[in-house]
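Trainee: Quick check, what structure comes out for this input:
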Amino acid sequence: MARTEQETISLIQHVLAEHKQHWSDKHGDMRRLRQAYLTRFFEDVENEPTNLRVETSDAYSFIEGYIASLFEKSPAVEVDSLKTEPDNVMVTRQVINSWLADNRKALENGSRLALIYPMSFYKLAPVKSADPLARVRIRALEPWQVILDRDADLWEEQRYVAHHYYLPVSEAKEIYGAKQYQVVSKPSYFHDAMDGWEDEGGSLPDEYKYIEVVEFYDLTFDKLYIFSPNWKNGGLLDKRTIPLRTYDDNPLVPIAALYYSRVPDKPMDGYSTLSRVYDQIFEKNIIRTFWANAIRRDSRQYLVREGIMDEEALAKVTAGVDGAIIPVDTDDLAGVMREVPVTNLSTNFDRYLNMVESDIQRGSIIAPFTKGEATRATATEVTALAQYTASEIGRMARERDEAIESIADIFIRMMVFTLEDDEKPVIMVKKEPRFVRSETLDHDFRYFALDQAATPLSNDLKKRQLLELLPVLGQLGVDPNKIREEVIRMFDLPETFLEVEKPEEASVPKRSGAEALQEQPTTDAQALAQELVAQAPTIPLPVPE
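Mentor: Residues are numbered from 1 along each chain as shown. Below is the predicted model of the structure:
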């Protein structure tokens, strides 16, 4: 039974209110994670002007260590299909990989958000461009911008997905018509809602005025609703069938999710990777701040008996001039000046800091030497840590690959949707030009991220193992040309290295039969020939007078 418009509006208002409440409750946690990454740990802490604050960069190095381990080259996919010609497969593969290479920064930023916060999302949207192959833009979304059906166990089982954002009034009028909008300022999640510009007397242009929009994908009834609470106190700006379709004509949402960790009983709720070590980073910042203030107060101070030294003598003492003579009016110098004792810091601080550092290392699955930290580990321990790190990072790389494969599918279906019939953009495939048409891309393709679960660390292990196996491969009779091709591919060397010139045949001087027979025989035939020549009678020849 179809849902009425009022029921749809009530549903959107309900899920929007739940969404805002959910992320409002998590606002403090998200803000602390963000500040830890930005090395602004004590930004919200009131501090005395005389106190010193020390912030370490452990959160930043923790996150960027993962990014460096997850992204070595530009992401790419392999395309496969049994229902179309190989030429269409090659063209589709080249179109996707060229686009992914141009959007590497957005993909890395999405991974960074998914590590700092519980999860992140990628939104693909059409844009105006003279180049038909650049009419799709990708953007990484923070988790509080996407409304989810949190009762679902899988992304594919959700009943609805929505994108909550603020749209400039100028764009709203262009897309949905010049309606009477209730203009609002664009708030920031980490600041108060009224931190935006105030529109006093309507002096601001429409580009700086905003309306709140919910792009609601109803997957149950295959409908797309554009809802805004700033029109008619909550109304639908547009409604239609979901325009983006799969090859099988099923609705396709232009949003891809990226989860590196999930809450076991709530798979749609992610789990922040940075939050695993936040408490240890907090403790380390507190210890370092305490030490910094204690060291500043660890100064040399003295007690002087009053009346024994005048101001001039005290000035010479404090000046510390070498060879200075200081007169003192007393017979006993033992009690003139005494040093104020300074108590050393307890050794418990060192032990506690070591425990905190150990907890940070255990909270991170990345081995210390992969982040440039010097260790005294043996070669065996380093190899074991490298294999463990590569396997754990490989699990996260599989999550990354699934997101890239979903993005590739959405991109191709969006290209089929946006390419006009009279447009024939050209792309190079194996150094040959190919036309890209809508019918070329409109097939049932399967996408596989290249070198799935590969990371820089695992690639280094493979390279090292390949070099160690080269002598064994030669003894096993493997074709040297095949070995050379694999080495060039593994180390990403130029393809020109595959071209090997054939050696020119050296000119061999002709020998007479006698010279050949006098040589040491190398075959049975040569030995027999020499024996027969030795047994043959000599023919007498006339000698000239």
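Trainee: Quick check: Y247 touching D442?
Mentor: Yes: if you go by CB atoms under 8 Å, Y247 and D442 touch, sitting 7.1 Å apart. For every residue, glycine as well, the C-beta is placed using N, CA and C.
Trainee: any idea which element I63 lies in?
Mentor: helix 58-70 (DSSP states H and E).
Trainee: So what's the gap between the helix or strand that comes right after that helix and the chain middle?
Mentor: Remark: after helix 58-70, the chain's next helix or strand is strand 77-80, criterion DSSP H and E. Remark: strand 77-80 is offset 21 Å from the chain centroid, using CA atoms, centre = their mean, to the nearest Å.
Trainee: Quick one: residues in contact with strand 77-80.
Mentor: 89, 92-93, 96-97, 100, 404-405, 408, 445-450 (CB atoms under 8 Å, 6 or more residues apart in numbering).
Trainee: Generate a ChimeraX selection restricted to the buried subset of those residues.
Mentor: Applying 16 or more other CB atoms under 10 Å to the contacts of strand 77-80, the buried members can be selected in ChimeraX as follows:
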select :89,92,93,96,97,100,404,405,408,445,447,449,450
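Trainee: Name the nearest of the contacts of strand 77-80 relative to L113.
Mentor: I404 (15.4 Å; CB to CB).
Trainee: Work out for me the element that closest one sits within.
Mentor: Per DSSP H and E: I404 is located in helix 379-418.
Trainee: Show me what counts as buried in the following helix or strand past that helix.
Mentor: Going down the chain from helix 379-418, the next helix or strand is strand 426-429, by DSSP H and E. Of the residues in strand 426-429, V429 count as buried by neighbour count, 16+ other CB under 10 Å.
Trainee: And for stretch 422-442?
Mentor: In stretch 422-442, counting by 16+ other CB under 10 Å, buried: 429, 434, 436-438, 440-442.
Trainee: Also stretch 396-414?
Mentor: 396-397, 399-414.
Trainee: same deal with stretch 133-140?
Mentor: Here stretch 133-140 shows 133, 135-136, 138, 140 as buried, counting by 16+ other CB under 10 Å.
Trainee: and which of those is nearest to L303?
Mentor: Looking across the buried residues of stretch 133-140 and measuring by CB to CB, the closest to L303 is A140, at 63.0 Å.
Trainee: The closest residue to that closest one other than its chain neighbours in helix, strand or coil?
Mentor: Leaving out its chain neighbours, the residue that sits closest to A140 by CB to CB, 6 or more residues apart in numbering is G110, at 3.6 Å. Recorded secondary structure, G110: helix (DSSP: H, G, I helix; E, B strand; the rest coil).
Trainee: Quick check: beta-bridge partners of the closest residue to N103 other than its chain neighbours?
Mentor: Ranked by CB to CB, 6+ apart and with sequence neighbours excluded, the top spatial neighbour of N103 is I138, at 5.1 Å. I138 forms beta bridges with L124, as assigned by DSSP bridges.
Trainee: Can you tell me how far I138 is from Y181?
Mentor: 28 Å (CB to CB, to the nearest Å).
Trainee: do N109 as well
Mentor: N109 is 31 Å from Y181, by CB to CB.
Trainee: Same drill for those two, tell me which one is more crowded.
Mentor: Counted by other CB atoms under 10 Å, N109 and Y181 do not tie: Y181 has more neighbours, with 21 against 15.
Trainee: and the closest residue to the more buried one other than its chain neighbours, helix, strand or coil?
Mentor: Once flanking residues are discounted, Y181 sits nearest to I211: 4.9 Å by CB to CB, 6+ apart. Following three-state DSSP, we place I211 in the strand state.
Trainee: same check, this time on the one 5 residues further on
Mentor: F216 carries the three-state label strand when classified by three-state DSSP.
Trainee: Show me the shaky parts of this structure.
Mentor: Applying pLDDT under 70 to the chain picks out residues 1, 47-50, 72, 192-202, 361-392, 451-461, 500-545.
Trainee: can you confirm I483 is in a helix?
Mentor: Yes: counting by three-state DSSP, I483 falls inside a helix.
Trainee: Kindly tell me how buried it is, as a neighbour count.
Mentor: Burial of I483, expressed as a neighbour count using other CB under 10 Å, amounts to 15.
Trainee: excluding its backbone neighbours, what's nearest it?
Mentor: L473 is the one closest to I483 (CB to CB, 6+ apart), at 5.7 Å.
Trainee: Surely that neighbour is in a helix?
Mentor: Yes: counting by three-state DSSP, L473 falls inside a helix.
Trainee: so how many other residues sit close to it?
Mentor: 15.
Trainee: Would you check how far apart it and S406 are?
Mentor: 38 Å.
Trainee: Need the phi and psi values for K266.
Mentor: phi -140, psi 80 (degrees, to the nearest 10).
Trainee: Could you pull out the helices in the stretch 251-400 of the chain for me?
Mentor: Applying DSSP state H, counting those that start in this stretch to the stretch 251-400 of the chain gives helices spanning 278-296, 311-319, 348-363, 379-418.
Trainee: any idea how far stretch 137-157 is from the chain center?
Mentor: 19 Å.
Trainee: Endpoints of that stretch, how far apart?
Mentor: End-to-end span of stretch 137-157 (CA to CA, to the nearest Å): 26 Å.
Trainee: Any buried residues in it, and which?
Mentor: Neighbour count says stretch 137-157 has 138, 140-149, 152, 155 buried, by 16+ other CB under 10 Å.
Trainee: how near is the closest residue to Y271 other than its chain neighbours to L113?
Mentor: Closest residue in space to Y271, ignoring its immediate chain neighbours: S261 at 3.9 Å, by CB to CB, 6+ apart. Going from S261 to L113 by CB to CB gives 13 Å.
Trainee: now do I12
Mentor: For I12, the distance to L113 - CB to CB - is 25 Å.
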